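Participant: here is a sequence with its predicted model. Questions after.
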Amino acid sequence: MQEEDKKNIRKRYEELKSRYSLPAFDALESDFGISSIEKEENLLKEIRKKIEAKLDEFAEILSPLLQPEPLIKDMQEYKAFNDADKKKLFDLYRKIMLYKKDAVLLSIESNDKAEVSFINKFDGEWKKIKESVKDVVLRLKDAWGREGYDEDDRGYMG
């Protein structure tokens, strides 16, 4: 992507921001890489898609913690959380899934007003979601950093 294209994306976003009271460009750039959007047409829709991709990434991290497959990775990570933790994980997962479903609905029927509403609503929750997922990933990293191996880590081996 050319530097000129990135400037055009920023310029177009700033126009939309002033019209719709959107979040700061730099915050969205930092978390979602919106300057990599190739065309400034349908910029709001493309930003929503970037958000949706991040939500997909987070859902992929959380899903096996709630319903693990019989894989060593899943079983090791599943054990890092107790039942109370899993309730919190499910609440976070539910919040992510609700935003994902809102994004899918917008992919079916989109308009600027609805896209802006989604982006602004999501922005209000984003910091909490991001911090919660960060805490989960740090805990997963810690689980992998522990020494030792337990035969029970393998799960059912049929």
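Facilitator: Ah, there it is. Numbers count the residues shown, from 1 in each chain.

Participant: ok, now which ones touch Gln78?
Facilitator: If you look again at residue 78, you'll see it is Tyr, not Gln. Pro64, Leu65, Pro68 (C-beta atoms under 8 Å, 6 or more residues apart in numbering). (Each C-beta comes from the backbone N, C-alpha and C, glycine too.)

Participant: swap the cut-off to 6 Å and go again
Facilitator: Pro68 (C-beta atoms under 6 Å, 6 or more residues apart in numbering).

Participant: for the record, mean pLDDT for the helix or strand harbouring Arg94?
Facilitator: Assigned by DSSP states H and E, Arg94 belongs to helix 83-108. Averaging pLDDT along helix 83-108 gives 98.

Participant: can you name the element that comes right after it?
Facilitator: helix 112-145.

Participant: list the buried residues for that following helix?
Facilitator: 114-116, 118-119, 122-123, 126, 129, 132-133, 136, 140 (16 or more other C-beta atoms under 10 Å).

Participant: can you list phi and psi of the residue nearest to Asp142 when sequence neighbours are not counted for me?
Facilitator: Among residues not flanking Asp142 along the chain, Ala80 sits closest, at 7.3 Å (C-beta to C-beta, 6 or more residues apart in numbering). Torsion angles at Ala80 (phi, psi; degrees, to the nearest 10) stand at phi -80, psi -10.
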